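Asker: here is the input, now give the coordinates:
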Amino acid sequence: QGQFVESGGGLVQPGGSLRLSCVASGFPLGYFAIGWFRQAPGKEREGVSCISTSDGSTHYADSVKGRFTISRDNAKRTVYLQMDSLKPEDTAVYYCGVRRGYNYCSGYNPYEYGNWGQGTQVTVSS
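Answerer: Numbering: from 1, shown residues only. Predicted coordinates for the structure are as follows:
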């Protein structure tokens, strides 16, 4: 089955940057779209960004557009999320997941994704 291993989170001041990594453990990365999600305490998991494998297209939630950049390195089985101009409302646990059975992105229904890892905590605070 395999799962992702997320890393790169931490405490950062507003306006700062972090780069998250998500390594696929036990399965290849090149067949399906990959999404980054986040979940703040008391809130539902929400989609942040997605990258397809069919054409390499990238997609972003309106809340992060222009600030976050997703990329993938299939050879390293790793997906990255570069986060710039961070805001306190970006505070959450960040996860990545495989969009099972699809090589393209279409929305952020978390039930379409799987192979979740343990997540990495991002805290934006002064």
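Asker: residues contacting Q1?
Answerer: 26-27, 115 (CB atoms under 8 Å, 6 or more residues apart in numbering). No exception for glycine: its C-beta is placed from N, CA and C like everyone else's.
Asker: now distance to G47, pLDDT and secondary structure too, for the residues you listed, in CSV please.
Answerer: As requested, the contacts of Q1 are arranged in CSV below (distance: CB to CB, whole Å; pLDDT from 0 to 100; DSSP: H, G, I helix; E, B strand; the rest coil):
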residue, distance to G47, pLDDT, secondary structure
G26, 23, 85, coil
F27, 21, 82, coil
N115, 15, 91, coil
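Asker: list just the nearest of those residues to A33.
Answerer: Closest approach to A33 among those (CB to CB): N115, at 12.2 Å.
Asker: just the element for the residue most central in space within the chain, please.
Answerer: Centroid-nearest residue in the chain: W36, 2.0 Å away (criterion: CA atoms, centre = their mean). Element membership for W36 (DSSP states H and E) is strand 34-39.
Asker: and the helix or strand following that strand, how far out from the chain middle?
Answerer: Per DSSP H and E, the first helix or strand lying C-terminal to strand 34-39 is strand 46-51. Taking CA atoms, centre = their mean, to the nearest Å, one finds strand 46-51 lying 6 Å from the centre of the chain it belongs to.
Asker: what pairs with the very next helix or strand once past strand 46-51, parallel or antiparallel?
Answerer: Downstream of strand 46-51, the first helix or strand assigned by DSSP H and E is strand 58-60. Sheet pairing for strand 58-60, assigned by DSSP bridges, gives strand 46-51 (antiparallel).
Asker: can you list the buried residues in the partner strand?
Answerer: Using 16 or more other CB atoms under 10 Å as the test for burial, strand 46-51 gives 47-51.
Asker: mean confidence for that strand?
Answerer: Strand 46-51 shows a mean pLDDT of 97.
Asker: and for it, what's in contact with it?
Answerer: Residues contacting strand 46-51 (CB under 8 Å, 6+ apart): 33-39, 57-61, 63-64, 68, 70-72, 79, 81, 94, 99, 105, 107-108, 110.
Asker: any of those buried? List them.
Answerer: The neighbour count (16+ other CB under 10 Å) marks 33-38, 59-61, 64, 68, 70, 72, 79, 81, 94, 99, 105, 108, 110 as buried among these.
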